[in-house]
Structure formats: C-alpha cells, structure tokens
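>>> What follows is a predicted structure for the sequence shown.
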Number of protein chains: 4
Amino acid sequence: MMVIMKPGHTTEEFDEVMQRIKEDGLDGHAIVGVERTVIGVVGLDRLHPELADDLEVMSGVEATVKISSPYKLCSREFKRDDTVIDINGVKLGEGTVTVIAGPCAVESEEQLMKTARAVKARGASMLRGGAFKPRTSPYSFRGLEEDGLKLLAQARAETGLPVVTEVMSEATVGLVAKYADVLQIGTRNAQNFFLLEEVARTGKPVLLKRGMSSSIQDWLLAAEYILAKGNRDVILCERGIRTFETATRNTMDINAIPLAKEMSHLPVVADPSHGTGKRKLIEPVSLGMVAAGADGLILEVHPDPEHALSDGAQSLTFDLFASVMEHVGNVAHAIGKRMEREAAVRAG
Amino acid sequence: MMVIMKPGHTTEEFDEVMQRIKEDGLDGHAIVGVERTVIGVVGLDRLHPELADDLEVMSGVEATVKISSPYKLCSREFKRDDTVIDINGVKLGEGTVTVIAGPCAVESEEQLMKTARAVKARGASMLRGGAFKPRTSPYSFRGLEEDGLKLLAQARAETGLPVVTEVMSEATVGLVAKYADVLQIGTRNAQNFFLLEEVARTGKPVLLKRGMSSSIQDWLLAAEYILAKGNRDVILCERGIRTFETATRNTMDINAIPLAKEMSHLPVVADPSHGTGKRKLIEPVSLGMVAAGADGLILEVHPDPEHALSDGAQSLTFDLFASVMEHVGNVAHAIGKRMEREAAVRAG
Amino acid sequence: MMVIMKPGHTTEEFDEVMQRIKEDGLDGHAIVGVERTVIGVVGLDRLHPELADDLEVMSGVEATVKISSPYKLCSREFKRDDTVIDINGVKLGEGTVTVIAGPCAVESEEQLMKTARAVKARGASMLRGGAFKPRTSPYSFRGLEEDGLKLLAQARAETGLPVVTEVMSEATVGLVAKYADVLQIGTRNAQNFFLLEEVARTGKPVLLKRGMSSSIQDWLLAAEYILAKGNRDVILCERGIRTFETATRNTMDINAIPLAKEMSHLPVVADPSHGTGKRKLIEPVSLGMVAAGADGLILEVHPDPEHALSDGAQSLTFDLFASVMEHVGNVAHAIGKRMEREAAVRAG
Amino acid sequence: MMVIMKPGHTTEEFDEVMQRIKEDGLDGHAIVGVERTVIGVVGLDRLHPELADDLEVMSGVEATVKISSPYKLCSREFKRDDTVIDINGVKLGEGTVTVIAGPCAVESEEQLMKTARAVKARGASMLRGGAFKPRTSPYSFRGLEEDGLKLLAQARAETGLPVVTEVMSEATVGLVAKYADVLQIGTRNAQNFFLLEEVARTGKPVLLKRGMSSSIQDWLLAAEYILAKGNRDVILCERGIRTFETATRNTMDINAIPLAKEMSHLPVVADPSHGTGKRKLIEPVSLGMVAAGADGLILEVHPDPEHALSDGAQSLTFDLFASVMEHVGNVAHAIGKRMEREAAVRAG
C-alpha cells in the first residue's frame, strides 16, 4: 500500500502515520516528491485489510493506494498453470470449447428430455436447467424445485450429460448437490458470501456468474471465498454487466474474458443468452466470446420458445442451436482449439 | 402490455400473435399506425409475467412494452397513505426525521456502549451495528456474530434504543431476529429472494437496502417479496448506486428519495456513509437527503475511526455526529418537519 | 507517479525503467516490498503526461499510479479562497444561493418576456434561455438562433437580469458573446476542447456543465482548459450523469457538489431540471442540492409547459417555480446562507 | 407513440389529451385495459418530437412510450441493403474485414513513414494517425496539426493507403478535408452536432465513433445528422463505453456490433485499442469483434510504444500487429469472410 500525504502536511502528522503503520507490524518508507510525499508500506498488507481505511481518516493523509491484489488463491501468481476441471469426464479448461446447454427452467419431463437429447446430438457437453429460479418479481414462475432436480438426474441418466443447475439458498445446497454435477451461483447471489461458502463445502465444481455490478476484482474475490474453503474447482462465468445501454438486457464484457484469464488460472466461460437478452444476437456474440478465448459457453435452448415459462426471448430453438454449434466449431478451429465434443447433428 | 409489430409483418404473423394472447386468456386490440401496428393487451398481464418474453420471439414482432407496474402491494396505487412503522415506540415515516446511528461493526463492549450512549445523547432514535459483516474479501474482519448480537441487546437495555442489524444468511435469521428490532438486508443481498422471504416470515420490520445495481423498480420488487409474505413493515434505504465515478465509493441517488416516495407508500431513509464513502461528504449529503424528503438517515459513528475494524474512512467521530445532528435538525425544521428525537448534547 | 513492478521482474527490467524515467529528467526511488517493488517518480510528472503510458508497456512493469492531480489552476491547492464571479453586479459564489431561471428554448417574444418577468418577480438573479439547442435528433426544434439572442438582450434590458445562454459551435462564439453575459457549455460539448478554448478567449464568465459521462476529474480538467487560457470565471454545473437507472433522465450526483467544492475553488451550481427530467422531482432535488452546498440552481420555467418546443416534461410553471423559490429560501436560511435576491412574489 | 393514462384519471383529462394530440394533426385511439387506459397516437410522430414531453406534463398522464425509431435515413427499414463505402478503391462494408492501422498521433516523418510501410506490409487497408488530438488534460501533447496532415498525405503518396484522421473543430474541417480521405469524429465530439453537419458538408466519408455514454440509438441519431445533410458515407465505429469497470479503459460493447448492423445499413468497425486500453487485450478482443461481425478494425500501431507521445499503453508493436493480422485473417475465413487486403509479411 502507498499512503499519499497532503501537500503542506505537518511533521507531526507524518510521524503519526508512520506510528500507525508500525502498530500493525508493518514498515513505512517515505519518498519526498516535488508536490507530494508518499509513504510505501512494506509488509503483508493483505493481512491488514482495514489499515487503508484507518489511515485515510488521519490528519494530513490525502489517499491510500493498494498495490498488491487482494485475492491470492485464484491469482495467476499463486498458480501459473490453467486449472482444468473434470466433471464426470468432461474436461473444462484444457484448451477446448465446452458448451453447456439446456432450458432456462425445467418445465416438464417432455420439455427437458427433448431438449437434453437435442443439445447432446448437436454437440453440447453438459446440460443446464433451472429447478430454482431467481425472479425479479415474486409473481413469476420460480421453478419445479426438487421435481426439477429429479428430471435433471433422469436426463443425465439417459444422455450421459453432466448437469449444471443453480442453487439459490443455503438451505437447499445439500438437496441440489445430491442431484447436480456443477452448482451454479447466479448473478444476484454473486456476493452472497454465506452461500458461496456453503457451496464450497460440498466439494462439487461451482459455476460462478459475475455479479451484474461486480468488477473483475469483485468477481475474483467471490471466487476466492470458494477457494479459501478448500474447493478449487471454480468456473468463472461472464454474463454481462449493467450499464446505461437499454437496447440489450446487459452489456457483454468481452474484455473480461482475456483479462480474467490473465489475472486468474481458473477457466472462464461466457453466457451470451443473458449477456444479450436477444435471440438474434446470441450467435454472433457466442462466436465473439469464443474467438476472444472463452473456455466454453452456456446457452439457453428450448423446444418452443414462444411458450417458455421463463426467458423465452433469449432461448434458441434446436435449429438455431445447431447453427451456433457449427459456427462456434469453425471459429474454435480457426484459433487452434477444438470443441470438447463434436456434434452428431449439423445445422440446416 | 403493448406489442409492437414490425413494419411489413404479414397478416398470418399478426393472427398468430392475437392467438397467443388469447391462449393466456387475455384480449388484443390493434391500433394501425402510419409506420407501425401496435397491439394493446387487455387483461391482468401481471399474472402472465412470461408472456412478453414469449411474444417477443414470435415472427413479425418487434418489441413489447409493459404498461402496468409489476409490483402491487408496495405501490401508492394500492395504498394511498404513508406507511408508518412503529419500532418499540419509535415511529418511522410519520413526517419526522429518524436517525439510526452506530458503528459499522460491533467490535467490543466498550466500543459499542460508548457509541450507543454518545449517539443517544446527540439525538439518534435507533442504534445500528453489524454482528455479521458482508466483506468483499474473505480475509477481512467478518463480525463477532452472536457475541455481537448480545452486545447490541445489552446496549438497547441500557439506552432504550431499538437495534437495527444486518442478517446475511437464512440460517441465522432466527438467531438475529431473537436480538434485533429491525432486520437489515444489505446491498449484496438485495435480490437474495430466499433471504427476503425468510426475513419476512419473522414479522419484524425490515430495512431493505437498495442493490448497488438495482433500478428503483427492482428495489420495489424486492420489497414486494417481503410484503407478499404478509410482512408490511419495510423501510426502503437508498445507499448509493454503482456508476463510472470513482472519486466516491458510490453515487448517492438523490432522485430516488422523492421518486420512491411517489411510487410507494413505504418510508425511505438514506445512508450517506455508504453513499459517499468519505467522511467529509457525509454532513452535506445528509442535509441534502433530508431536504429532498428522506424519512431518516442511517449513519456510521465510531469512537476512534483510525482504529475501526471496518469502514473507518466513512465513520463519523462523536463530534462530527453532533454537528450532523444539529444541522440536520435545522434543515428538517426548514422543510416543516421535526426530528423524531431531540438531542441532549449539542455540537461544539 | 508510482511504478508498480511485476513480482519476479528481472534486474535488467528494473534498470530499464529507471533509465526511461531519467530520460524525461525525473528521478526514480525504489521501495522493495514483500510482494512487489514500487518505484516512486520524483519530479513534476504533470509535465510528462505520456510517461505513465510509456512505462506501462515496458517489460516487468505491472501498472502505474498517478499521485498528483492532473489539473492545477482550478485546484484548491492552487487557490485557497472561493472564487466569486461578478456578473453585472450579481455575485455568484460568495456564500449565497443564486437562481438562474428561464425557458429551455427561447420560442417567441411573448413567451420569453412573460417568463423573464415572472422569474424576476419570484427571486431569480439571472435569466436562462436557449437560442441554439443541442438536440439528440436532427428533426427536433433547434432554436431561433440570432433572433433568440436578440430577444434575450431585450429581456435583459427590461428586467435587468443578466443572460446565460448556450454556445454550441466555435463559429458562433463571437455572436453569442455579443449578447450573453454568461456563455454556457452544454453536457455534449463538455469535452469539446476547441470550443472550451474559444469561449475562454471571450473573457466572459462560462457556465460549464459536467459531461454526462465525465468523472469529477474530467470535469475539472475541462475547466482547466478555460483557466489555462487566462479566463478565471468558470461556474461548474452538475446536471446529472448517465447510469443504468431509467426511471429518471439522469442520476443527479449530489456527492459531486461538496466534492467539487473541496477539490476546486470554483463555484458549483446544480441543474435539477436535467438532473431529474421530471417536473415533480425538481423541488425536492433543488432543496437537496442547496442543502448540500450548491452555490446556485439553474431551472427551466415555461408559461405553458404543455406547449413547450423543448423539455416540456421538466419545465416548471410559474406557480411551481414560486414554490421552489420559497422553499429553497427556507433551506438556504437553515444552513446559514441567504438568497442572492429576495422574491417580490410568494408562492400560493 | 403511446400515452399511458394514470389509473383513476378523469374524463376531462382524457379529453384534453385527445385534444392536444389533435392540435398537432395526429389521431388518438384509446385502449381501455383493466388497470390502465392507453392512447395510441396515429400519424408521423417523428415530425412532432416535442409532443411526448408536452403530453407527459398533462394532468392524468402517467408516461409516454415511443414506438417508431426516431432515426430514418440510417435505418434498415429505409434501406435494406448494406451500405458499401468506396475509399479510393478500398471497399468497406462489402463482407470483408478492412483494417485501418497507424499511430495514435503523427509524431515525426520517420515515425509515420516507418509505421505506414509496416502496416501496409502486414495487410492494413488504410492508414490512421492523429494530427489534432483531443486530450483530457490541456497539458498533454495535442498533435502536429497541419504538419501532421502533410506527413499523412506523404505517407499516402508512398504507400497508396487512404488516410483516416480526426477532425475536432469546425474551423479546421476544410483543412483536414484537404488532406484526409476519411474524416474521423472522436468519442468526445460524438454529439457535437455543428461539427457533424460541417463534416457532412465536405462529402467525404466519415468514421463516426460512438460516444462513450451514447446509447446505440444516440449513435444512430448522430449518424442521422450526417445523412440528413446528404452525406451517406458514414462508418460507425464501436470504441467502448464508460461503465463501473476500472480494470479496462472502457468496456467494449460486443453486442453493439450485430445490433447496429441489424438496426442500420451502415458498416460497423471496432476499435479494440481504445475499447480495452491494454495492449495484451487487443488481439483477443480484435478476434472477438471480427467473429461477431465487424466490418473492420481500427488499431493503434507504433514503432516504439515506450516512447509514444500518446496512447503508448495501447499501441501494438509491428510484431504484435502482424500477429493480430494473421489471427484475424484466420477468424475471418472461419466465418466465411476474407480480408480486404492480404498481408505480404507474416507474424513471427
């Protein structure tokens, strides 16, 4: 940490700041500039996360600047090699493009089984589907709950696709973990720290969506909560952030893909369904996210989007999904990657 | 809801849209304009929250526009009169300015008792203090937990001030409710819908902070989750939103005060400590929020901000708090209000 | 400036950075921490604005952090005392509340003269009115141009109110300056640097609106362009920033009022008409901005908002304006200020 | 436009709204819903851009909603086919990827000529370089002005590459147009409407950067200003928007590429240099933008970024540029496009 002193500070103020730094067992080194004096704090200031705040209110101090990153276990410095996560044999993060697809919400046996078969035939590696749905309004459909989880397990039994599903509540972590292969944390719970820790304790891989107002650093710190509990299998998922633009549901942050991969060793996937909110944009944005280095995509697919109980406007039909898969495969090859699974059914 | 058809849509497409509307038991009325045809959907479309999404993916449809507000119980239309909440005799929302003050986190008996006495003497009506703290980093101080709650109860016993404290986890709702008079939902849990419902069930008043990326509508919908469970005692709390500006911790949304009060009958308080993140800005922004119509303020006060375990940079000393209270009182009187409690100790 | 080296950088990389700093005639002082080495650059780095960028691309460098503020002439460090601007006898910034009022656009002699008389009678100190209007769409009404300026001059002649009007184009700076007492720079030209310099050269006071995506630092740097040309009479105007919230036209940044006044010696006024975009919010937000320390307000007033050629939705009627003035006066008195002019006509 | 009436409005209020609509020569058609009455306004309301504002302040009106898009000439509805722009034989927008490259600022003959030759050899179709530079601070390097333009013309003479350069001021439009093949409007002038019209009048193609806080609709309306003056050769350029994320200079809006191409017939290029602000992110984001359908890229290249007079941190070296070009070519082929020019020099 650096402490920037105000111009015209007194010697006494300077001494008190140096003293306060020493109270925490750290050292201060001053650099006297033309306009400002700066004090470098030497020592493991990550272990003193409140010191900056405390120094900032001291007389004579203008500001503090953090130098070290506040996360550790998820950083590239801590672990150079890419983390590869093995989910029932599906390897996510080893230089391939892994596609997770399925309906927004599990609605019925027929809807789910049809979709599971369709996405498998078109090259998906995993099945997604919500049994518990976070809804902005209390009057919206909120999922089939345990019945939905059972249907997901049935779809896995038939297709062999591992299952990714969201967990919204500490009370149901155990229940969801009984059925799911990957536990998803949604954007509205991205900083629900108790839930992050509860999910970490299951030992299951976690797909962690970025909060819609989380900076990349906030997102990595949320991952750090999970890693700090001993669970190293975190998949970061960029799903768009909230900005002033209203023409799309969110603004997909393509910069976050290569940047998160540079800052962290964890795999990063992209969610163009929520990142755009518009069916027509899903294919071009999927191609873009893969070209920018995403380790995978998570996509909403529905047999009949016009009658979907949630997110119809951003769900792909089976035909559109086949088109996305074919074109994503072409882009993956162009950048020297391959699809985690090849499709049996082609578009058109 | 209005459905806007694309220019050049076919008759068949139009008929299918009308048909889809009828499937949900609603009626469609078309207006044929010069450039666009618009279909007004007549009926209680709030009960069909997915219909808009479903219609948007239909061929020939350009967009849908919602007309009715998606919340009901917290709206002014539903209830004209201001909701007044009685918390152990403190009446919040009846045209007075109620100040809730105390440390960010409960750190020790001495720190809390000193602060509780100080804020009471200076005119606070309620005591705040965190026993469970949501921290961006897992390495930060996270609160004294039940020991903190016991200290809060002890402070209430001595001072008579009702206690407001945050609950972060469904698992601890019961525990927190045993000690607290008002349960606070923090900004990071503003859309943690299971927690909202669990808190609602306690029957205790809830102070609901706005999510840092929640629109005013999202915030009212979060309140609706609580009201829909039969708990009508929700205090809305504006605490700043996340924007591009980095000179302050958040951007305090002053517009939200009069607007939330126009849209809803619930009381609205403001949190200038988090809304600014800078001690020097707290007094002027507190005055501004009260002048704009806030029913109260929630403020962080600490006996020694230079050694606070959290949020030192935005905590007021006792002297500064006295100054805020005196000047807030002056502004309250200027707009025809009075303070919920008058201070025994004056600034300076 | 501080240069943060990557962990594991080589001695060679370090030496090259020190060398590059010396090339610009500055000195580097290293602090070797536990996790990072930081180099403090000593010297007037404001005169080397590109050095940070150049250093950031060097091998072994992680990031650079600027310490000194990049503006100078508008800073409090440069000038301790508040700048007071004298506009034909109206003193803005000397601890009073100065109200500038008038129609969004000058539409006709009758409309302008009626409004000018009405706002004068109700306590306005200056008259605003647009002769050149920046419009998002090329198909909107764009102002009466020179005819509008002549009407403004006529209104000044009758009422004695100094005139504030926007200049949008370098080519018309001379023309506008011939008629106006204060030249306004709109939010869309807040970083039109040629226009800022051209306006500065007239020597007339400048009312500089904050860009809708300008940070407070960007805004002060825009003011610095004017001051650097020798024109010290800049009035900063907060008019709301662009955020994700869509319920209001902009998000009024109340924090910016006390913060800009702390960082700069220039007077700061607020524009609740644009900052809210909603007529009902103008009074409460006006009161809030004054309570937070604004030196004045700029308000849109129209004799018949239902037939305004621009901004009808955010224009006050004469009665509403009288109400705002009366209540703003009360709040001003409560914080120890007075109105720059007292009203002859009261509300109600 | 739709006018949404408040619940409980009176018949008189309704009649006055219908009357006001008729005053503008338009028709109102009412739909009476369960909770709200909505009036559809039939007629060319684009020609009455103030009507919505005027109606919104009327008694009994809750809100208005615009249905038709406010732009016309740049819309897909107006012109179905993609606009292809011919710039001295370089065809932009005909299904190829056109790369515009060069230094941020023209600094010297040697720097520019070296760069021009290097980018040509590596496959660029056009040369960029700033002679007038918009700088946030008045103390930064602001360009060589006419000397810079002459060097650009010299580089064109030698390499045959058409020249793209920014124009910042109405007064210099004629001067810049004398030398440049494409006039660039920067993000800070994206709503400088006088400049847009002045540039339009030259008849030269215009590269229009999106304002950093412009919605896609604002951006298209800015283009409309140019088209409305009879100049149809507008190239839209996405360069990132301003959001809360601070890890990158801007947030590149990948959604805007396919969306702008759907809404408009104009070609759309991307600027990953400014969109990321970080050299390491430029290649992956360039690949992403091309995969998402961008018609081209504009990239900053410098022979010695460590000594650049501006934007060193986001400038590519010649080697990195060769790498970007090779990989962009691969992605272009994967999506069925080709590069506008093939490179003579390959990476590595």
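Structure received. Numbering: from 1, shown residues only, chains lettered A, B, ... in the order given.
>>> Near chain B, which residues of the stretch 151-300 of chain A? Just list them.
A:168-171, A:188-189, A:191-195, A:211-213, A:218, A:221, A:224-225, A:228, A:242, A:279 (C-beta under 8 Å from any C-beta of the partner chain). To be clear about C-beta, it is placed using only N, CA and C from the backbone, and glycine gets the same treatment.
>>> Please convert the buried members of those into PyMOL selection syntax.
Buried members of those, defined by 16 or more other C-beta atoms under 10 Å in any protein chain shown, are picked up in PyMOL with:
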select buried, chain A and resi 168+169+170+188+189+191+192+193+194+195+211+212+213+218+221+224+225+228+242+279
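>>> which ones among the residues of the stretch 151-300 of chain A next to chain B are found in helices?
Here DSSP state H is the test, and these give A:Phe193, A:Phe194, A:Leu195, A:Asp218, A:Leu221, A:Glu224, A:Tyr225, A:Ala228, A:Arg279 as lying in helices.
>>> what's the pLDDT at the fourth one?
Reading off the confidence values, A:Asp218 has pLDDT 96.
>>> now the last one
With respect to pLDDT, A:Arg279 scores 93.
>>> and if you look at the fifth one?
Residue-level confidence at A:Leu221 comes out at 95, pLDDT.
>>> With the first one instead?
Model confidence at A:Phe193, given as pLDDT, is 94.
>>> Do I have it right that it meets B:Gly186?
No - taking contacts as C-beta atoms under 8 Å, A:Phe193 lies outside contact range of B:Gly186: 10.2 Å.
>>> Need the residues touching each of those two.
B:Pro134, B:Met168 (C-beta atoms under 8 Å, 6 or more residues apart in numbering or on different chains).
>>> check contacts around A:Lys178.
A:Leu149.
>>> ok, it to D:Thr64 distance?
Distance, A:Lys178 to D:Thr64, using C-beta to C-beta, to the nearest Å: 52 Å.
>>> can you give me the strands in the stretch 201-348 of chain A?
A:206-209, A:234-238, A:268-270, A:296-300, A:338-339 (DSSP state E, counting those that start in this stretch).
>>> quick one, which of those strands is nearest to chain D?
strand A:268-270 (9.9 Å; C-beta to the nearest C-beta).
>>> pLDDT on that closest one, on average?
Mean predicted confidence for strand A:268-270 is 98.
>>> circling back: specify which member of the ones in helices among the residues of the stretch 151-300 of chain A next to chain B is nearest to chain B.
Closest to chain B out of these is A:Phe194 (3.8 Å), distances taken as C-beta to the nearest C-beta.
>>> The closest residue to chain D within the stretch 51-200 of chain A in helix, strand or coil?
Using C-beta to the nearest C-beta, the closest approach of the stretch 51-200 of chain A to chain D is made by A:Ser69 at 10.9 Å. Following DSSP: H, G, I helix; E, B strand; the rest coil, A:Ser69 is assigned to coil.
>>> mind checking how far A:Cys104 is from A:Phe193?
26 Å.
>>> whoops, A:Glu245 was the one
29 Å.
>>> just to revisit the earlier point, near chain C too, which of the residues of the stretch 151-300 of chain A next to chain B?
Okay, of these touching chain C (C-beta under 8 Å from any C-beta), that's A:Arg242.
>>> is any part of the top helix by length along chain A close to chain D?
Secondary structure of chain A per DSSP H: the longest helix is helix A:318-334. Yes - using C-beta under 8 Å from any C-beta, we find that helix A:318-334 touches chain D at A:His327, A:Asn330, A:Val331, A:His333, A:Ala334.
>>> can you pick the most crowded of those?
A:Val331 (24 neighbours; other C-beta atoms under 10 Å in any protein chain shown).
>>> Need the per-residue pLDDT for that residue.
pLDDT, read off for A:Val331, is 98.
>>> Thank you kindly, that will do.
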